[in-house]
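A.B. asks: Need a 3D model of the sequence below.
(one chain, ligands or ions: 2)
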Amino acid sequence: MTQSAELSPYHHFSKAEWVALRADEPMTLSADDVLRLRALSDPISLAEAEQVYLPLARLLSLYVEAIQGLHRVSQRFLNIGAPKVPFIIGVAGSVAVGKSTTARILRALLQRWPSSPKVDLVTTDGYLHPNATLIERGLMRRKGFPESFDRARLVAFLAAVKSGTPALDVPIYSHLVYDVVPGEHLIVDQPDILIVEGLNILQPGAPGKAGAPILYASDFIDFSIYIDADPGDLEAWYLERFFRLRETAFRNPDSFFKRYADMSKDEAGKFGLDNWRSINLPNLMDNIAPTRTRADLILKKGSDHLVADVLLRMV
Ligand SMILES: Nc1ncnc2c1ncn2[C@@H]1O[C@H](COP(=O)(O)OP(=O)(O)O)[C@@H](O)[C@H]1O
Ligand SMILES: CC(C)(COP(=O)(O)O)[C@@H](O)C(=O)NCCC(=O)O
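C.D. replies: Ligands and ions are numbered 1, 2, ... in the order given. From the prediction side, this is the model:
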């Protein structure tokens, strides 16, 4: 374990040092579970899940215990019985970095703790403005940028979960139709743990009316994870996934990207690269990467998609 740089709040762990921190955290996933949970084009294996996510699950169990202890102490001090306060974990990072795999693997591991906690998972893409609004505001080529989300609604949801509100509706986004699905939602009902995954969760909320405070989604997050990778690797992973989707999801007649399945590979590839370079890369550089140092934990991936370094915030 080394201090990563002078004055850095992070401790740096090599992969080998991080793996050793698993201690006696049991492996409750099988190779089949990992295959089922991983996202398209993510080559995560059972060994990687064990090496990276078991030490993380152990760390999280200690955090959950400590935070619950803190709530008990506050309740005793105030002499009140308050509703159950969920522990919220945030997973941030670029498009195509593998946030969804991390979130799903973590969810499966935490659900299998001996206390069988109720673990819900929400992706922030449901809080994108619908395409009709994005078109009206000239934002269709800014999907994923801060202004493309209804940030006030996302923060209001997190505040409501934290205050123990039952049966909250969460909007759903479909990658297939490339839009929020009208009338469909997921219900989040007082989970013990909530995992929130999205590229925007460490960004500030939208400024409200003049003089109103700007709320951060991260104000409601107990532990945040930023998945990091070099932009060159991310471009390669995005394109690799784009070509896989061209062979699969884009062939669906309902796919927003169906036109890419109908063109030649070279022609479609030009559009894929343009989507990366004119939307997702500028968003990464301007709005996502600058939030990395707000995370409690940074998982840095190498070009083989495997986590090579771990940085844990100590202060
Ligand atoms: N056009 C698409 N059609 C179908 N699925 C998609 C499309 N784009 C992304 N996905 C899937 O959506 C999920 C989220 O992708 P993304 O936002 O890039 O985050 P990440 O790669 O970090 O999980 C992934 O499982 C990805 O495979
Ligand atoms: C839906 C997304 C903005 C990701 O949002 P998130 O789930 O991280 O909140 C992204 O996957 C996306 O569709 N970006 C638009 C550019 C593109 O088509 O690649």
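A.B. asks: Show me the contact partners of the strand or helix carrying A66.
C.D. replies: Using DSSP states H and E, A66 maps to helix 54-78. Helix 54-78 has contacts (CB atoms under 8 Å, 6 or more residues apart in numbering) with 18-23, 25, 27, 81-82, 85, 87, 89, 106, 109-110, 113, 117, 193, 222-223, 225, 297, 312. (Glycine included, C-beta is placed from N, CA and C.)
A.B. asks: residues of the helix or strand that it is followed by that come out buried?
C.D. replies: Downstream of helix 54-78, the next assigned helix or strand under DSSP H and E is strand 87-93. Within strand 87-93, the residues that count as buried by 16 or more other CB atoms under 10 Å are F87, I88, I89, G90, V91, A92, G93.
A.B. asks: Let me know the closest of the residues you listed to T293.
C.D. replies: A92 (11.5 Å; CB to CB).
A.B. asks: so that closest one touches N287, yeah?
C.D. replies: No. Applying CB atoms under 8 Å, one finds A92 not in contact with N287, separated by 10.9 Å.
A.B. asks: Now the common contact residues for these two.
C.D. replies: With CB under 8 Å, 6+ apart as the test, A92 and N287 both reach L199, N200.
A.B. asks: Against W276, how distant is I288?
C.D. replies: 13 Å (CB to CB, to the nearest Å).
A.B. asks: picking up where we left off before, now the helix holding A66 against strand 87-93, angle please.
C.D. replies: Angle of helix 54-78 versus strand 87-93, following axes from the mean of the first three to the mean of the last three CA atoms, to 10 degrees, is 140 degrees.
A.B. asks: Show me what the mean pLDDT comes to for helix 54-78.
C.D. replies: Mean pLDDT, computed over helix 54-78, is 91.
A.B. asks: can you check stretch 102-110 too?
C.D. replies: Mean predicted lDDT for stretch 102-110 stands at 96.
A.B. asks: Check stretch 228-239 too.
C.D. replies: Averaging the model's pLDDT scores along stretch 228-239 yields 98.
A.B. asks: pull the CA atoms of it into CSV?
C.D. replies: Output of stretch 228-239 as CSV, limited to C-alpha atoms (Å, rounded to 0.1, in the frame of the first residue of the first chain):
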residue,chain,number,x,y,z
ASP,A,228,-11.4,4.6,-14.7
ALA,A,229,-9.7,3.7,-18.0
ASP,A,230,-7.6,5.4,-20.6
PRO,A,231,-9.6,7.3,-23.3
GLY,A,232,-7.9,5.3,-26.0
ASP,A,233,-9.0,2.0,-24.5
LEU,A,234,-12.5,3.3,-23.9
GLU,A,235,-12.7,4.2,-27.6
ALA,A,236,-11.6,0.7,-28.6
TRP,A,237,-14.2,-0.9,-26.2
TYR,A,238,-17.0,1.4,-27.3
LEU,A,239,-16.3,0.4,-31.0
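A.B. asks: That one and ligand 1, any residue contact?
C.D. replies: No. With CB under 6 Å from any ligand atom as the criterion, ligand 1 is not reached by stretch 228-239; the gap is at least 7.4 Å.
A.B. asks: what's in contact with that stretch?
C.D. replies: Against stretch 228-239 from outside (CB under 8 Å, 6+ apart): 41, 93-98, 269, 272-273, 275-277, 280-281, 284-285, 292, 298-303, 305.
A.B. asks: I figured V34 hits P43, correct?
C.D. replies: No. Look at V34 against P43 with CB under 8 Å: they stay out of range, at 10.6 Å.
A.B. asks: From what I see, L202 and A295 are in contact.
C.D. replies: Yes. Applying CB under 8 Å as the test, L202 and A295 come out as touching, 6.3 Å apart.
A.B. asks: Spell out which residues are contacts of both of those two.
C.D. replies: With CB under 8 Å, 6+ apart, L202 and A295 have common neighbours G90, A92, S224, Y226.
A.B. asks: List the beta-bridge partners for the last one.
C.D. replies: The partner list for Y226 in beta bridges (DSSP bridges) reads A92, I298.
A.B. asks: Thank you kindly, that will do.
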